[in-house]
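Peer 1: Prediction below, plus the sequence it came from.
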Amino acid sequence: MNLNRIADMLEAELVHGPAGWEQINIETVFASDLMSDVLMSERDEMLLITSLSTEQSIRSAGIVGSEAVIIANKKTVTEGMIELAKDQDVALLCTKFPKYESCIRIGRLMGA
Amino acid sequence: MGEEQKTPLQSSLRVQELIYGLKISEVMTKKVFAVSRNCTMRDVQQIMKNNGITGVPVVDSKRVVGFVSMNDLMNALEQGDMGDGVTSHMSGEVQTLAEEMPLSFAISAFNKFSFRSFPVVNKKNELAGILTFRNINLALIRELSRQLREMENQHSAVPETESMDLVKVYQLHRYDFENGGKASSEIKKFLKARGFHAKLVRRVAVASYELEINLVAHSIGGMLSFDINADRVKISSHDRGPGIADVEQALTEGYSTANEWIRSQGFGAGMGLPNVKRVSDEFAIQSAVGMGTMIRAVINLKPEKQNED
(Lines give C-alpha, C1' and ligand atoms only; values in the text may rest on other atoms or scores of the structure.)
Protein backbone atom coordinates (compact mmCIF):
# COMPACT_ATOMS: atom_id res chain seq x y z
CA MET A 1 0.00 0.00 0.00
CA ASN A 2 1.27 3.46 -0.84
CA LEU A 3 2.29 5.73 1.99
CA ASN A 4 0.08 8.61 0.83
CA ARG A 5 -3.07 6.53 1.43
CA ILE A 6 -1.96 5.85 4.98
CA ALA A 7 -1.08 9.53 5.43
CA ASP A 8 -4.60 10.53 4.31
CA MET A 9 -6.23 8.02 6.64
CA LEU A 10 -4.25 9.36 9.60
CA GLU A 11 -4.76 12.99 8.56
CA ALA A 12 -1.00 13.15 8.85
CA GLU A 13 1.12 16.18 8.25
CA LEU A 14 4.24 15.71 6.13
CA VAL A 15 7.36 16.93 7.94
CA HIS A 16 9.92 15.63 5.47
CA GLY A 17 9.32 13.67 2.32
CA PRO A 18 12.01 12.51 -0.07
CA ALA A 19 11.09 12.72 -3.77
CA GLY A 20 8.34 10.21 -4.52
CA TRP A 21 7.49 9.64 -0.84
CA GLU A 22 3.80 9.22 -1.71
CA GLN A 23 4.59 6.01 -3.57
CA ILE A 24 6.71 4.37 -0.85
CA ASN A 25 5.31 0.86 -0.55
CA ILE A 26 4.25 -0.18 2.95
CA GLU A 27 3.72 -3.88 3.61
CA THR A 28 3.87 -3.97 7.39
CA VAL A 29 3.44 -1.59 10.30
CA PHE A 30 5.47 -1.64 13.50
CA ALA A 31 4.09 0.43 16.35
CA SER A 32 6.44 0.82 19.31
CA ASP A 33 8.23 3.29 21.53
CA LEU A 34 10.89 0.74 22.32
CA MET A 35 13.70 1.04 19.78
CA SER A 36 15.26 -2.14 21.15
CA ASP A 37 12.23 -3.99 19.72
CA VAL A 38 12.37 -2.10 16.44
CA LEU A 39 15.98 -3.19 16.03
CA MET A 40 14.96 -6.84 16.53
CA SER A 41 12.44 -6.63 13.71
CA GLU A 42 13.06 -8.50 10.46
CA ARG A 43 10.19 -7.03 8.50
CA ASP A 44 10.55 -5.44 5.09
CA GLU A 45 8.86 -2.35 3.68
CA MET A 46 7.93 -1.37 7.17
CA LEU A 47 6.31 1.77 8.51
CA LEU A 48 7.31 2.74 12.03
CA ILE A 49 4.67 4.42 14.19
CA THR A 50 6.01 5.76 17.47
CA SER A 51 5.31 8.33 20.18
CA LEU A 52 9.02 8.54 20.91
CA SER A 53 9.78 11.80 19.19
CA THR A 54 13.60 11.61 19.25
CA GLU A 55 16.46 11.32 16.81
CA GLN A 56 16.91 7.71 17.92
CA SER A 57 13.53 6.83 16.40
CA ILE A 58 14.60 8.13 13.00
CA ARG A 59 18.02 6.53 13.37
CA SER A 60 16.53 3.15 14.33
CA ALA A 61 14.12 3.27 11.37
CA GLY A 62 17.03 4.03 9.04
CA ILE A 63 19.10 1.19 10.53
CA VAL A 64 16.41 -1.45 9.87
CA GLY A 65 15.72 -0.06 6.40
CA SER A 66 12.30 1.38 7.18
CA GLU A 67 11.54 4.19 4.75
CA ALA A 68 8.83 5.98 6.72
CA VAL A 69 8.18 7.09 10.30
CA ILE A 70 4.96 8.51 11.66
CA ILE A 71 5.13 10.32 14.99
CA ALA A 72 1.90 9.70 16.90
CA ASN A 73 0.07 11.89 19.46
CA LYS A 74 1.13 15.03 17.60
CA LYS A 75 4.42 15.17 19.47
CA THR A 76 6.81 17.99 18.61
CA VAL A 77 9.34 17.08 15.95
CA THR A 78 12.79 18.58 16.49
CA GLU A 79 15.07 20.15 13.88
CA GLY A 80 17.61 17.39 14.55
CA MET A 81 15.01 14.74 13.63
CA ILE A 82 14.25 16.47 10.35
CA GLU A 83 17.94 16.73 9.48
CA LEU A 84 18.40 13.06 10.27
CA ALA A 85 15.34 12.08 8.21
CA LYS A 86 16.91 13.92 5.24
CA ASP A 87 20.25 12.23 5.81
CA GLN A 88 18.67 8.78 6.17
CA ASP A 89 16.25 9.25 3.28
CA VAL A 90 13.31 8.52 5.56
CA ALA A 91 9.85 10.07 5.11
CA LEU A 92 8.74 11.74 8.35
CA LEU A 93 5.10 12.42 9.14
CA CYS A 94 3.13 13.47 12.18
CA THR A 95 -0.40 12.52 13.23
CA LYS A 96 -2.72 13.69 16.01
CA PHE A 97 -3.92 10.12 16.61
CA PRO A 98 -2.33 7.91 19.26
CA LYS A 99 -0.49 4.75 18.18
CA TYR A 100 -3.43 2.46 18.94
CA GLU A 101 -5.94 4.43 16.93
CA SER A 102 -3.45 4.91 14.10
CA CYS A 103 -3.06 1.14 13.87
CA ILE A 104 -6.82 0.56 13.85
CA ARG A 105 -7.23 3.06 11.03
CA ILE A 106 -4.43 1.47 8.99
CA GLY A 107 -5.89 -1.96 9.74
CA ARG A 108 -9.25 -0.88 8.29
CA LEU A 109 -7.47 0.46 5.23
CA MET A 110 -5.54 -2.75 4.72
CA GLY A 111 -8.70 -4.76 5.22
CA ALA A 112 -7.42 -6.62 8.26
CA MET B 1 40.49 19.59 6.53
CA GLY B 2 44.00 18.77 5.25
CA GLU B 3 45.65 15.39 5.44
CA GLU B 4 48.33 16.85 7.76
CA GLN B 5 45.74 17.43 10.46
CA LYS B 6 44.44 13.88 10.28
CA THR B 7 47.78 12.13 10.67
CA PRO B 8 48.34 12.50 14.46
CA LEU B 9 44.80 11.39 15.19
CA GLN B 10 45.13 8.35 12.95
CA SER B 11 48.40 7.31 14.58
CA SER B 12 47.05 7.67 18.11
CA LEU B 13 44.07 5.55 17.05
CA ARG B 14 46.51 3.01 15.68
CA VAL B 15 48.11 2.74 19.13
CA GLN B 16 44.64 2.37 20.66
CA GLU B 17 43.83 -0.37 18.16
CA LEU B 18 47.02 -2.15 19.21
CA ILE B 19 46.31 -2.04 22.91
CA TYR B 20 42.88 -3.49 22.23
CA GLY B 21 44.07 -5.99 19.66
CA LEU B 22 47.02 -7.48 21.54
CA LYS B 23 46.43 -10.06 24.23
CA ILE B 24 48.32 -10.00 27.51
CA SER B 25 49.74 -13.46 26.68
CA GLU B 26 51.45 -11.99 23.60
CA VAL B 27 53.17 -9.30 25.62
CA MET B 28 54.00 -10.79 29.05
CA THR B 29 57.28 -12.35 30.12
CA LYS B 30 56.69 -16.09 30.11
CA LYS B 31 59.84 -16.99 32.02
CA VAL B 32 58.70 -16.25 35.56
CA PHE B 33 60.68 -16.48 38.75
CA ALA B 34 58.38 -17.58 41.54
CA VAL B 35 58.91 -18.91 45.04
CA SER B 36 56.98 -21.40 47.16
CA ARG B 37 55.52 -20.66 50.61
CA ASN B 38 58.48 -22.24 52.43
CA CYS B 39 61.12 -19.96 50.87
CA THR B 40 62.68 -17.16 52.93
CA MET B 41 62.95 -13.46 52.20
CA ARG B 42 66.66 -14.04 51.63
CA ASP B 43 65.81 -16.47 48.82
CA VAL B 44 63.66 -13.77 47.27
CA GLN B 45 66.46 -11.24 47.58
CA GLN B 46 68.84 -13.57 45.74
CA ILE B 47 66.34 -14.16 42.94
CA MET B 48 65.67 -10.45 42.50
CA LYS B 49 69.35 -9.59 42.55
CA ASN B 50 70.48 -12.33 40.17
CA ASN B 51 67.73 -11.69 37.64
CA GLY B 52 67.27 -7.94 37.89
CA ILE B 53 63.58 -8.10 38.78
CA THR B 54 61.45 -6.07 41.18
CA GLY B 55 58.80 -8.53 42.34
CA VAL B 56 58.31 -12.25 42.82
CA PRO B 57 55.01 -14.17 42.99
CA VAL B 58 54.53 -16.78 45.69
CA VAL B 59 52.87 -19.95 44.39
CA ASP B 60 51.28 -23.05 45.83
CA SER B 61 50.57 -25.85 43.29
CA LYS B 62 51.03 -23.28 40.50
CA ARG B 63 48.34 -20.99 41.99
CA VAL B 64 49.40 -17.48 42.96
CA VAL B 65 48.92 -17.05 46.72
CA GLY B 66 51.00 -13.92 47.30
CA PHE B 67 53.44 -11.43 45.90
CA VAL B 68 56.70 -10.09 47.31
CA SER B 69 57.52 -6.62 46.00
CA MET B 70 60.71 -4.61 46.34
CA ASN B 71 58.97 -2.65 49.13
CA ASP B 72 58.18 -5.83 51.08
CA LEU B 73 61.81 -6.86 50.71
CA MET B 74 63.12 -3.51 51.92
CA ASN B 75 60.86 -3.60 54.96
CA ALA B 76 62.13 -7.07 55.86
CA LEU B 77 65.71 -5.92 55.36
CA GLU B 78 65.17 -2.89 57.56
CA GLN B 79 63.69 -4.99 60.34
CA GLY B 80 66.38 -7.66 60.04
CA ASP B 81 63.80 -10.30 59.13
CA MET B 82 65.50 -11.73 56.07
CA GLY B 83 65.42 -15.22 57.52
CA ASP B 84 61.63 -15.14 57.81
CA GLY B 85 59.39 -17.17 55.50
CA VAL B 86 57.89 -15.21 52.60
CA THR B 87 54.34 -15.69 53.93
CA SER B 88 54.94 -13.25 56.79
CA HIS B 89 55.99 -10.42 54.45
CA MET B 90 54.19 -11.01 51.15
CA SER B 91 51.00 -9.24 50.08
CA GLY B 92 48.33 -11.90 50.33
CA GLU B 93 45.71 -10.18 48.25
CA VAL B 94 47.18 -10.36 44.80
CA GLN B 95 45.69 -8.69 41.79
CA THR B 96 46.26 -11.01 38.83
CA LEU B 97 45.48 -10.55 35.15
CA ALA B 98 44.12 -13.25 32.83
CA GLU B 99 46.33 -14.03 29.83
CA GLU B 100 43.37 -13.90 27.42
CA MET B 101 42.53 -10.29 28.30
CA PRO B 102 43.35 -7.49 25.87
CA LEU B 103 46.28 -5.27 26.72
CA SER B 104 43.88 -2.39 27.38
CA PHE B 105 42.65 -4.18 30.52
CA ALA B 106 46.23 -4.39 31.78
CA ILE B 107 46.74 -0.67 31.19
CA SER B 108 43.56 0.04 33.18
CA ALA B 109 44.95 -2.16 35.97
CA PHE B 110 48.26 -0.26 36.01
CA ASN B 111 46.31 3.00 36.26
CA LYS B 112 44.05 1.70 39.00
CA PHE B 113 46.64 0.03 41.24
CA SER B 114 50.10 1.21 42.15
CA PHE B 115 51.81 -2.13 41.39
CA ARG B 116 54.78 -2.22 39.07
CA SER B 117 54.05 -5.72 37.83
CA PHE B 118 51.15 -8.15 37.72
CA PRO B 119 51.23 -11.95 37.80
CA VAL B 120 49.34 -13.33 34.80
CA VAL B 121 47.26 -16.51 35.11
CA ASN B 122 45.89 -18.96 32.54
CA LYS B 123 42.35 -20.36 32.33
CA LYS B 124 43.13 -22.90 35.08
CA ASN B 125 44.17 -19.96 37.29
CA GLU B 126 47.80 -21.11 37.23
CA LEU B 127 50.71 -18.70 36.99
CA ALA B 128 51.57 -18.26 33.31
CA GLY B 129 53.68 -15.10 33.20
CA ILE B 130 54.35 -11.67 34.55
CA LEU B 131 53.53 -8.29 33.07
CA THR B 132 55.39 -5.03 33.60
CA PHE B 133 55.04 -1.66 31.89
CA ARG B 134 58.34 -2.38 30.18
CA ASN B 135 56.68 -5.37 28.47
CA ILE B 136 53.91 -3.10 27.24
CA ASN B 137 56.28 -0.45 25.89
CA LEU B 138 58.42 -3.00 24.10
CA ALA B 139 55.40 -4.70 22.55
CA LEU B 140 53.98 -1.41 21.29
CA ILE B 141 57.30 -0.35 19.78
CA ARG B 142 57.68 -3.76 18.13
CA GLU B 143 54.15 -3.73 16.69
CA LEU B 144 54.31 -0.12 15.51
CA SER B 145 57.66 -0.77 13.78
CA ARG B 146 56.18 -3.80 12.06
CA GLN B 147 53.16 -1.79 10.89
CA LEU B 148 55.41 1.02 9.69
CA ARG B 149 57.41 -1.45 7.59
CA GLU B 150 54.17 -2.81 6.12
CA MET B 151 52.97 0.70 5.30
CA GLU B 152 56.28 1.52 3.62
CA ASN B 153 55.98 -1.60 1.50
CA GLN B 154 52.46 -0.67 0.45
CA HIS B 155 53.08 3.05 -0.11
CA SER B 156 52.85 2.78 -3.89
CA ALA B 157 49.33 1.31 -3.84
CA VAL B 158 46.82 4.00 -4.78
CA PRO B 159 43.49 3.70 -2.94
CA GLU B 160 40.55 3.05 -5.28
CA THR B 161 37.30 4.87 -4.65
CA GLU B 162 35.30 1.67 -5.05
CA SER B 163 37.66 -0.32 -2.84
CA MET B 164 35.98 -2.72 -0.44
CA ASP B 165 38.65 -2.24 2.20
CA LEU B 166 37.92 0.13 5.03
CA VAL B 167 39.39 0.55 8.49
CA LYS B 168 37.69 3.17 10.57
CA VAL B 169 37.56 4.02 14.26
CA TYR B 170 34.89 6.08 16.04
CA GLN B 171 35.11 7.47 19.57
CA LEU B 172 31.94 7.40 21.66
CA HIS B 173 31.18 9.23 24.88
CA ARG B 174 28.92 8.42 27.79
CA TYR B 175 25.28 9.50 27.34
CA ASP B 176 26.05 11.15 24.00
CA PHE B 177 22.94 9.71 22.37
CA GLU B 178 23.05 12.46 19.78
CA ASN B 179 26.17 11.02 18.16
CA GLY B 180 25.42 7.38 18.92
CA GLY B 181 24.43 6.03 15.52
CA LYS B 182 26.61 8.16 13.28
CA ALA B 183 29.13 5.38 12.76
CA SER B 184 26.41 2.88 11.87
CA SER B 185 24.84 5.25 9.36
CA GLU B 186 28.19 5.83 7.64
CA ILE B 187 29.02 2.14 7.45
CA LYS B 188 25.54 1.38 6.17
CA LYS B 189 25.97 3.92 3.37
CA PHE B 190 29.41 2.52 2.55
CA LEU B 191 28.03 -1.02 2.11
CA LYS B 192 24.88 0.10 0.32
CA ALA B 193 26.95 2.05 -2.22
CA ARG B 194 28.86 -1.14 -2.98
CA GLY B 195 25.69 -2.97 -3.88
CA PHE B 196 25.31 -5.36 -0.96
CA HIS B 197 21.92 -6.94 -0.36
CA ALA B 198 19.64 -4.88 1.88
CA LYS B 199 19.28 -7.72 4.42
CA LEU B 200 23.04 -8.00 4.78
CA VAL B 201 23.48 -4.25 5.15
CA ARG B 202 20.75 -4.30 7.79
CA ARG B 203 22.52 -6.98 9.81
CA VAL B 204 25.75 -4.97 9.85
CA ALA B 205 23.86 -1.76 10.69
CA VAL B 206 21.90 -3.38 13.52
CA ALA B 207 25.01 -4.94 15.12
CA SER B 208 26.88 -1.69 14.83
CA TYR B 209 24.05 0.50 16.13
CA GLU B 210 23.37 -1.76 19.12
CA LEU B 211 27.07 -1.60 20.00
CA GLU B 212 27.08 2.17 19.64
CA ILE B 213 24.06 2.50 21.92
CA ASN B 214 25.69 0.08 24.32
CA LEU B 215 28.82 2.23 24.53
CA VAL B 216 26.82 5.44 24.95
CA ALA B 217 24.32 4.06 27.46
CA HIS B 218 26.37 1.68 29.58
CA SER B 219 30.08 2.50 29.35
CA ILE B 220 32.07 5.48 30.54
CA GLY B 221 33.21 5.87 26.93
CA GLY B 222 35.05 3.85 24.37
CA MET B 223 35.55 3.22 20.71
CA LEU B 224 33.97 1.32 17.91
CA SER B 225 36.17 0.16 15.07
CA PHE B 226 35.38 -1.33 11.71
CA ASP B 227 37.64 -3.50 9.63
CA ILE B 228 35.99 -4.28 6.32
CA ASN B 229 37.22 -6.28 3.36
CA ALA B 230 35.52 -8.13 0.51
CA ASP B 231 34.88 -11.17 2.73
CA ARG B 232 33.59 -9.77 5.98
CA VAL B 233 32.84 -6.86 8.27
CA LYS B 234 34.58 -7.03 11.63
CA ILE B 235 33.20 -4.68 14.29
CA SER B 236 35.05 -4.25 17.57
CA SER B 237 33.76 -2.37 20.54
CA HIS B 238 36.11 -1.48 23.38
CA ASP B 239 35.30 0.54 26.43
CA ARG B 240 37.14 1.71 29.51
CA GLY B 241 34.62 0.45 32.03
CA PRO B 242 32.77 -0.19 34.23
CA GLY B 243 32.82 -3.79 32.93
CA ILE B 244 30.15 -6.48 33.15
CA ALA B 245 30.00 -8.59 36.32
CA ASP B 246 28.09 -11.47 34.72
CA VAL B 247 28.53 -11.74 30.97
CA GLU B 248 26.17 -14.68 30.63
CA GLN B 249 23.41 -12.69 32.27
CA ALA B 250 24.11 -9.69 30.02
CA LEU B 251 23.56 -11.98 27.02
CA THR B 252 20.17 -13.11 28.33
CA GLU B 253 17.26 -11.48 26.51
CA GLY B 254 15.44 -9.08 28.79
CA TYR B 255 18.20 -8.70 31.37
CA SER B 256 19.06 -5.03 31.76
CA THR B 257 20.89 -2.67 34.08
CA ALA B 258 19.61 0.42 32.27
CA ASN B 259 18.34 3.39 34.24
CA GLU B 260 15.11 5.30 33.61
CA TRP B 261 16.78 7.90 31.46
CA ILE B 262 18.20 5.29 29.08
CA ARG B 263 14.73 3.71 28.92
CA SER B 264 13.22 7.11 28.11
CA GLN B 265 15.45 7.14 25.03
CA GLY B 266 13.79 3.95 23.81
CA PHE B 267 16.51 1.54 24.87
CA GLY B 268 17.49 -0.55 27.85
CA ALA B 269 15.13 -3.46 27.27
CA GLY B 270 17.96 -5.93 27.69
CA MET B 271 17.95 -6.86 24.02
CA GLY B 272 21.10 -5.08 22.81
CA LEU B 273 23.82 -7.68 23.22
CA PRO B 274 21.54 -10.65 22.37
CA ASN B 275 20.55 -8.76 19.21
CA VAL B 276 24.19 -8.21 18.20
CA LYS B 277 24.79 -11.93 18.68
CA ARG B 278 21.67 -12.77 16.67
CA VAL B 279 22.71 -10.86 13.57
CA SER B 280 26.42 -11.82 13.68
CA ASP B 281 28.17 -14.85 12.20
CA GLU B 282 30.80 -14.68 14.91
CA PHE B 283 30.45 -13.06 18.31
CA ALA B 284 32.89 -12.81 21.20
CA ILE B 285 32.81 -10.83 24.42
CA GLN B 286 35.29 -10.31 27.22
CA SER B 287 34.74 -8.19 30.25
CA ALA B 288 36.26 -7.48 33.63
CA VAL B 289 34.77 -5.24 36.29
CA GLY B 290 36.79 -2.06 36.69
CA MET B 291 38.66 -2.61 33.46
CA GLY B 292 36.23 -2.63 30.57
CA THR B 293 34.49 -4.69 27.96
CA MET B 294 35.58 -5.85 24.55
CA ILE B 295 33.10 -7.17 22.01
CA ARG B 296 33.86 -8.48 18.55
CA ALA B 297 31.19 -9.20 15.96
CA VAL B 298 31.88 -10.53 12.49
CA ILE B 299 29.41 -10.58 9.62
CA ASN B 300 30.40 -12.49 6.52
CA LEU B 301 29.77 -10.76 3.22
CA LYS B 302 30.29 -13.80 1.00
CA PRO B 303 27.00 -15.76 0.73
CA GLU B 304 28.54 -19.21 1.28
CA LYS B 305 29.92 -18.16 4.64
CA GLN B 306 26.81 -16.53 5.99
CA ASN B 307 24.92 -17.89 8.90
CA GLU B 308 21.30 -17.80 7.78
CA ASP B 309 19.76 -18.32 11.22
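Peer 2: In hand now; what should we look at?
Peer 1: show me what contacts A:Pro18?
Peer 2: A:86, A:89-91 (Cβ atoms under 8 Å, 6 or more residues apart in numbering or on different chains). (Glycine included, C-beta is placed from N, CA and C.)
Peer 1: Which helix or strand in chain A has the lowest average pLDDT?
Peer 2: Using mean pLDDT, DSSP states H and E, helix A:35-40 stands out as the lowest-scoring helix or strand of chain A, at a mean of 93.
Peer 1: Go through that one and flag the buried ones.
Peer 2: Across helix A:35-40, burial judged by 16 or more other Cβ atoms under 10 Å in any protein chain shown covers A:35-36, A:38-40.
Peer 1: Remind me what the longest helix seen in chain A packs against, helices and strands.
Peer 2: Ranked by residue count and defined by DSSP state H, the top helix of chain A is helix A:99-110. Helix A:99-110 sits against helix A:3-9, strand A:28-31, strand A:46-50, with contacts defined as 3 or more Cβ pairs under 8 Å, 6 or more residues apart in numbering or on different chains; DSSP states H and E.
Peer 1: Parallel or antiparallel, which strands does the last one pair with?
Peer 2: Partner strands for strand A:46-50, per DSSP bridges, with pairing direction: strand A:28-31 (parallel), strand A:68-71 (parallel).
Peer 1: picking up where we left off before, return the most buried member of the helices and strands packed on helix A:99-110.
Peer 2: Most buried of the helices and strands packed on helix A:99-110, by mean neighbour count (mean count of other Cβ atoms under 10 Å in any protein chain shown): strand A:46-50, with a mean of 24.
Peer 1: so the helix or strand following that strand versus strand A:46-50, what angle?
Peer 2: The helix or strand immediately downstream of strand A:46-50 is helix A:55-63, counting by DSSP states H and E. Angle of helix A:55-63 versus strand A:46-50, following axes from the mean of the first three to the mean of the last three Cα atoms, to 10 degrees, is 170 degrees.
Peer 1: if you average pLDDT over helix A:55-63, what comes out?
Peer 2: The average pLDDT for helix A:55-63 rounds to 95.
Peer 1: you'd agree B:Ala106 is up against B:Leu97?
Peer 2: Yes: under the criterion of Cβ atoms under 8 Å, B:Ala106 makes contact with B:Leu97 at 5.5 Å.
Peer 1: got any residues that touch both of these two?
Peer 2: Residues touching both B:Ala106 and B:Leu97 (Cβ under 8 Å, 6+ apart): B:24, B:118, B:131.
Peer 1: Among those, name the buried ones.
Peer 2: So, of the shared contacts of B:Ala106 and B:Leu97, B:24, B:118, B:131 end up buried under the neighbour-count rule (16+ other Cβ under 10 Å).
Peer 1: Format the residues you listed as TSV; extra columns: pLDDT.
Peer 2: Listed next are those as TSV, based on pLDDT from 0 to 100:
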residue	pLDDT
B:Ile24	94
B:Phe118	93
B:Leu131	94
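Peer 1: right, and out of these, which lies closest to B:Asn153?
Peer 2: Here the nearest of these to B:Asn153, counting by Cβ to Cβ, is B:Ile24; it sits at 29.0 Å.
Peer 1: need the contact list for the closest one.
Peer 2: Going by Cβ under 8 Å, 6+ apart, B:Ile24 touches B:97-103, B:105-106, B:120, B:129, B:131.
Peer 1: repeat that for 10 Å
Peer 2: B:Ile24 makes contact with B:97-106, B:109, B:118, B:120-121, B:128-129, B:131, B:135-136, B:139, according to Cβ atoms under 10 Å, 6 or more residues apart in numbering or on different chains.
Peer 1: Return the distance of it relative to B:Gly290.
Peer 2: 16 Å (Cβ to Cβ, to the nearest Å).
Peer 1: Sort the contacts of A:Pro18 by pLDDT and name the bottom one.
Peer 2: On pLDDT alone, A:Asp89 ranks lowest of these, at 93.
Peer 1: Would you agree it is in contact with A:Gly62?
Peer 2: Yes: the criterion here is Cβ atoms under 10 Å, and A:Asp89 meets it with A:Gly62 at 7.7 Å.
Peer 1: Find residues that contact each of those two.
Peer 2: B:Lys189.
Peer 1: What's opposite the one residue sitting closest to the centre of chain A in the beta bridge?
Peer 2: Chain A has A:Val69 as the residue nearest its centroid, 1.9 Å off, counting by Cα atoms, centre = their mean. Applying DSSP bridges to A:Val69 yields these beta-bridge partners: A:Leu48, A:Leu92.
Peer 1: list the contacts for it?
Peer 2: By Cβ under 10 Å, 6+ apart, the residues touching A:Val69 are A:15-16, A:47-50, A:53, A:57-58, A:60-62, A:77, A:81, A:85, A:88, A:90-94.
Peer 1: try 6 Å
Peer 2: For A:Val69, the contact set (Cβ atoms under 6 Å, 6 or more residues apart in numbering or on different chains) comprises A:48, A:61, A:90, A:92.
Peer 1: what does chain A have sitting close to chain B?
Peer 2: Residues of chain A found near chain B (Cβ under 6 Å from any Cβ of the partner chain) are A:34-36, A:39-40, A:52, A:56, A:59, A:63, A:65.
Peer 1: Which single one of the residues you listed is nearest to A:Lys99?
Peer 2: Using Cβ to Cβ, those come closest to A:Lys99 at A:Leu52, 10.1 Å.
Peer 1: quick one: low-confidence parts of chain A?
Peer 2: Filtered on pLDDT under 70, chain A yields the residue ranges A:112.
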